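1. I would like the atomic coordinates for the input below:
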Amino acid sequence: MEACASSHHWGRAISDLGHEVRLIPPAYVKPFVKRQKNDMADAEAIAEAVSRPTMRFVAVKSEAQQAAAMAYRRDRKGRRSRDRVGCPVRSCRVKIFAERPGDGIAQRYGRRTTQLQGLVRCLGLALGGRPAQALASRLLLPVSKDTLLRSIRSGIPTQASAPPPRIIGIDDWAWTKGPVR
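-> Residues are numbered from 1 along each chain as shown. Got it, this is the predicted structure:
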């Protein structure tokens with residue numbers, strides 16, 4: 001028989017009647033299926049697989065072994081469901097929702113936590129590009145010098161928050177925009 005949950009039950013029942021039961025893993029039967037999946041094609045593939053002299057078989061599991069395997073799978077599924085929650089509405093297009101960290105922990109689609117990004121910015125401000133990169137690599141924080149400099153620039157207020165400059169000075173010359181007071 002091809003090994004599955006019910007075949008172990010039937011294997012126990014048939015062995016109680018005095019027959020020898022040999023179960024084949026489905027992965028070993030699949031290469032022998034010649035056409036679509038149906039009972040007749042499966043039976044033909046199992047017969048072909050059994051006739052091979054090097055075929056390996058699976059032992060029939062006891063009820064306790066099956067119960068332990070089921071409890072393990074249920075526990076694993078329970079752990080996975082805490083991380084991912086599916087939508088109970090069948091017509092909903094969104095299949096998996098994920099919990100997002102709270103405010104102040106990480107930005108949406110961010111690569112670093114807010115605290116780690118602050119550390120990267122402080123390294124960039126204190127040491128500059130290459131020295132900060134060398135220290136960061138010793139701290140097991142892989143960042144490039146460009147990322148460090150980019151984090152400094154992101155902390156500078158944008159033009160929208162600061163008033164536009166009225167006087168631009170270059171060397172000894174200065175251009176004035178509007179009246180000077």
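
2. now do the strands in this protein.
-> Secondary structure of the chain by DSSP state E: the strands cover 84-86, 96-98, 167-170, 173-176.

3. output stretch 110-121 in PDB, but only the C-alpha positions, please.
-> Output for stretch 110-121, consisting of C-alpha atoms alone and laid out as PDB, is shown next (Å, rounded to 0.1, in the frame of the first residue of the first chain):
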ATOM      1  CA  GLY A 110      12.400  49.500   7.200                       C
ATOM      2  CA  ARG A 111      15.600  47.400   7.300                       C
ATOM      3  CA  ARG A 112      16.500  48.400  10.800                       C
ATOM      4  CA  THR A 113      14.800  49.200  14.100                       C
ATOM      5  CA  THR A 114      14.500  52.800  15.100                       C
ATOM      6  CA  GLN A 115      17.100  52.300  17.800                       C
ATOM      7  CA  LEU A 116      19.600  50.600  15.400                       C
ATOM      8  CA  GLN A 117      19.000  53.400  12.900                       C
ATOM      9  CA  GLY A 118      19.800  55.900  15.600                       C
ATOM     10  CA  LEU A 119      23.000  54.100  16.300                       C
ATOM     11  CA  VAL A 120      24.000  54.100  12.600                       C
ATOM     12  CA  ARG A 121      23.300  57.800  12.500                       C
END
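
4. quick one: mean pLDDT for that stretch?
-> On average, the pLDDT along stretch 110-121 is 80.

5. contact partners for F57?
-> 22-24 (Cβ atoms under 8 Å, 6 or more residues apart in numbering). Where you see a C-beta, it was placed from the backbone N, CA and C, and this is true even at glycine.
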